[in-house]
Each structure stands twice: as structure tokens, then as C-alpha cells.
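Asks: Attaching a predicted model along with its sequence, questions to come.
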Amino acid sequence: MPQPLRIAVTPGDGIGPEVVTEAVHCLERLREKHQLPLEWTRFPWPSHAWHEQNNEVMPADALEQLAHYDAILLGALGDPGPVDDPDRYLLSDSVSLAPLLEMRKGFDQWVCERPARLLPGARQYLADDRARDIDMLVIRENSEGEYVGQGGRLRQGTEHEVATQLEVFTRRGTERIIRYGFEQARLRAETRRAEGRAREFHGHHGQTSESQVCVITKRNALRYWGDMYTEVFEEVARDYPDVATHHELIDAACMKFVQAPWAFDVVVASNLQGDILTDLAAVLSGGMGVAPSCNLNPDNPAMPSMFEPTHGSAPDIAGQGLADPTAMLFTTARMLEWLGRREPALARAGQELFDAVAADLAENGGSQRDTRAIGDSVLARLR
Ligand code: IPM
Ligand code: MN
């Protein structure tokens, strides 16, 4: 057997451990069934529980420890719930969520992929029946922009206080995320063609393409990075004449995501604008319960990528076994597919898991089921 690939499992807070438990059941089943070269270690941090014991949300050398793994499978971080317990151990968001940002930055996970495809069985929030065709991939720039965490507060607490929060955009960071978007557009077109569901997009010169990249900015008001994004987008697009190009301002994009989301294919957005857009995109594809996400470092295999659903710790339902593990399971499927770059058997297992979760959703999506029932139903399909 080849050297096993290693996963750091970090369940986190709230519903995190509940949905991660179902994901691990599926991993166990797939490993046993296909003799997958896969092993994992469960970490009690980052979490509120760890902070309560150790006065820090994760150990100082956490990133060094995680660097020994090939991937990180993370449940959720934040308010551990339940919300009706006023005495629960609570931290400020900036403390409890910091590990997410530290991992993204520390491991240069510069791509955040958030697919939004309305699969059969998922809740269709939009009344228009064309919503059935929603199938987009929002790619969020994950390493810089509005999230660099630079700035400060001057004369804090006084009436002359000044708060600054810097946004930093580099040409290198811009180029790599836009190019990644075009590459994904090509791959998606190939997959659709192979599956007999090719799509058609219209370019500026009347030509048709099987894929599209839409870049999002706010260049009418935030012109410096907006103009740089636009120029880099045009430059990179020249290398992909087969892909249609499009631009939307973030506010108009929000409107069009609701009005005609089926018109989008790949969408590339900055860190904050992508963050906001992907909550909206999650709802368009059935809600937070089904929306996967991953934070990828595509060019340095020595650094682990991190797989966490778009949803948070859901303190309102935590501890009751009510959370929908579907998003976590789709995210786990994506992790296996990602590790499949190193070991093809894992890519096949990822596809198998995706198919099982999608089949379960198609059959039972409308029914009220608890976490365990959904997990067991998926597991039964992996026999
Ligand atoms: C997300 C979350 C995080 C983000 C928060 C928890 C810091 O909203 O993953 O989308 O803003 O990136
Ligand atoms: Mn978010």
C-alpha cells in the first residue's frame, strides 16, 4: 500500500462535532471498502472547550502540527451553544474564529471554492423554475484583499477615535485567482460536455462559449483595486479565448444572483465580496445545510488545504442532533477528490461519496431528518 495520506480532523464548536462524526463514518466505510491509503487524527482544538481548559483557542504550535497533514477537515468554529444557556463558555468572534484566518493565511490557501448547484431534492428558494439550472462555482480570493487584518484604532474610546482597516490587493494575488477561475471554467465545460449537459454563454463579439468567468468588483467606487482587477482579467482572458468573459459590480451581482443566477458559471470575487456573495449563493443552491466549501493551496503540496462547509457552528440547534450533515459530507467528498491528485483511488472514493450524498438528497431532501438519520442513509449507499 502506498504511504497513507493523513487528515487532521478538527471538529471545532457547536454542530461541528455532530456533522464531522457523520463525515468520519463515511471515511471509515470508504477506507474499509476500498483499502484506501488514508489515516486521520482528531484534534480537540481549535475550540471553545480547548480555550476553557488552556486559555487559548489552539496551541501556539498548532500550524506546525497541522503542517504534517495532507488536509484539514474542519467542522465549524464559533458560539458553541446552546443559545438558551446564558452561562455557556463564550469567546468573542475575533478569538474563536481567528484559527480559520490563520490557517488560510499560514498555509497560503489562496483559493476558496464554493460551488452552488441546485441539486435535485435541495430546497428551491426561488419561485422561478429556471432556478433548477443554477450551477455556479464562486471562487473567493482567500489570501488578501479586505482580510489582511491591517489597520488600527487611534484614540480609542474617545470622541476623536479613528479606526482604519486596510485593503491590500497585489497583482500576483489577483493574477493567480483569476487564472484559477479560467482553468476551472475550462474543466467545468469539459465535464458538462462529457455528461451531455453542455451550456452556452455569449461573448462580447457575438461568439458562443461553453463556459464563462464573471469577475466581480466595485470599480465604480473602489477604483484602484477595481481597475487592477479589470486589467489583469483582460490580460489573462486572452489566454482563454474559448471562455466567455463578464464583469459585474458587487451590488448588481447580488441583484442578478437572485434575478437570473442560472446565467452564471464561474464567478471570481475578492475576499470580502466573495464572502458575502457565497452566503447568497448557498441559499440559491438549497441553503447552508447543503453548501460545501474548501480552502485550497493549489501550488504547494507541502501545505495542507482546509475543508470546511460554508455554515458556522449553528448554536441555535447545537447539541440536539438536528444539524444537516449534507454540507459537511459534500465538503468531505471534495477533500477526497482533492487528495485524489496524489492517489487516484481517493478521487474515485470522493466521487462515490458525492454520488451517495446527492442520491440521498434527491430521495429524501424534503423530509425532516436528524443528523444521524441523514448520515446513516448516506452510509447505507456506500455499502
Ligand atoms: C466564512 C466565514 C468566515 C469568513 C468568518 C467566520 C471569519 O464567514 O468562512 O465564510 O468571513 O471568511
Ligand atoms: Mn462567510
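Replies: Noted; the coordinates are in hand. Ligands and ions are numbered 1, 2, ... in the order given.
Asks: Every contact and neighbour count from this point should use C-alpha atoms.
Replies: Will do.
Asks: State the pLDDT value of the residue in the stretch 1-150 of the chain that ligand 1 sits nearest to.
Replies: Going by CA to the nearest ligand atom, ligand 1 is nearest to L97 of the stretch 1-150 of the chain, at 5.5 Å. For L97, the pLDDT comes out at 97.
Asks: quick one: low-confidence ranges for this structure?
Replies: Filtered on pLDDT under 70, the chain yields the residue ranges 1.
Asks: Enumerate the residues of it near ligand 1.
Replies: Residues of the chain lying near ligand 1 by CA under 6 Å from any ligand atom: L97, D275, T310.
Asks: The residues you listed, buried ones only, as a ChimeraX selection?
Replies: Buried members of the residues of the chain next to ligand 1, defined by 16 or more other CA atoms under 10 Å, are picked up in ChimeraX with:
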select :97,275,310
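Asks: In TSV, list the residues of the chain next to ligand 1 along with distance to D360 and secondary structure.
Replies: Output for those, formatted as TSV (distance: CA to CA, whole Å; DSSP: H, G, I helix; E, B strand; the rest coil):
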residue	distance to D360	secondary structure
L97	31	coil
D275	28	helix
T310	20	coil
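Asks: for the stretch 251-383 of the chain, what spans make up the helices?
Replies: 271-284, 326-339, 344-364, 371-380 (DSSP state H, counting those that start in this stretch).
Asks: swap that for the stretch 1-150 of the chain, sorry
Replies: 16-34, 48-54, 62-66, 93-96, 98-106.
Asks: And for P17, the neighbour number?
Replies: Other residues lying near P17 total 21 when counted by other CA atoms under 10 Å.
Asks: Over to R117?
Replies: Neighbour tally, R117, other CA under 10 Å: 22.
Asks: Just list whatever residues bridge to it.
Replies: For R117, the beta-bridge partners are D135 (DSSP bridges).
Asks: give the contact list for the residue most central in space within the chain.
Replies: What sits nearest the mean C-alpha location of the chain, by CA atoms, centre = their mean, is S293, with 1.8 Å. By CA atoms under 8 Å, 6 or more residues apart in numbering, S293 lies in contact with C112, E113, R114, P115, F307, E308, P309, T310, T331.
Asks: Go again with 7 Å.
Replies: By CA atoms under 7 Å, 6 or more residues apart in numbering, S293 lies in contact with C112, E113, R114, F307, E308, P309, T310, T331.
Asks: With A345 instead?
Replies: A345 touches L36, counting by CA under 7 Å, 6+ apart.
Asks: Check which residues of stretch 168-181 are buried.
Replies: F169, G173, T174, E175, I177, I178, R179, G181.
Asks: and which of those is nearest to E337?
Replies: Relative to E337, the closest of those is G181; by CA to CA it sits at 18.2 Å.
Asks: Out of the buried residues of stretch 168-181, which sit inside helices?
Replies: G173, T174, E175, I177, I178, R179, G181 (DSSP state H).
Asks: is it true that the third one touches V232?
Replies: Yes: with contact defined as CA atoms under 7 Å, E175 and V232 form a contacting pair (6.2 Å).
Asks: Quick check: the gap between the residue nearest to the centre of the chain and I276.
Replies: 14 Å (CA to CA, to the nearest Å).
Asks: Could you dump the buried residues of stretch 168-181 into a markdown table and include distance to K218?
Replies: Converted to a markdown table, the buried residues of stretch 168-181 look like this (distance: CA to CA, whole Å):
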| residue | distance to K218 |
| --- | --- |
| F169 | 13 |
| G173 | 17 |
| T174 | 15 |
| E175 | 18 |
| I177 | 17 |
| I178 | 16 |
| R179 | 20 |
| G181 | 19 |
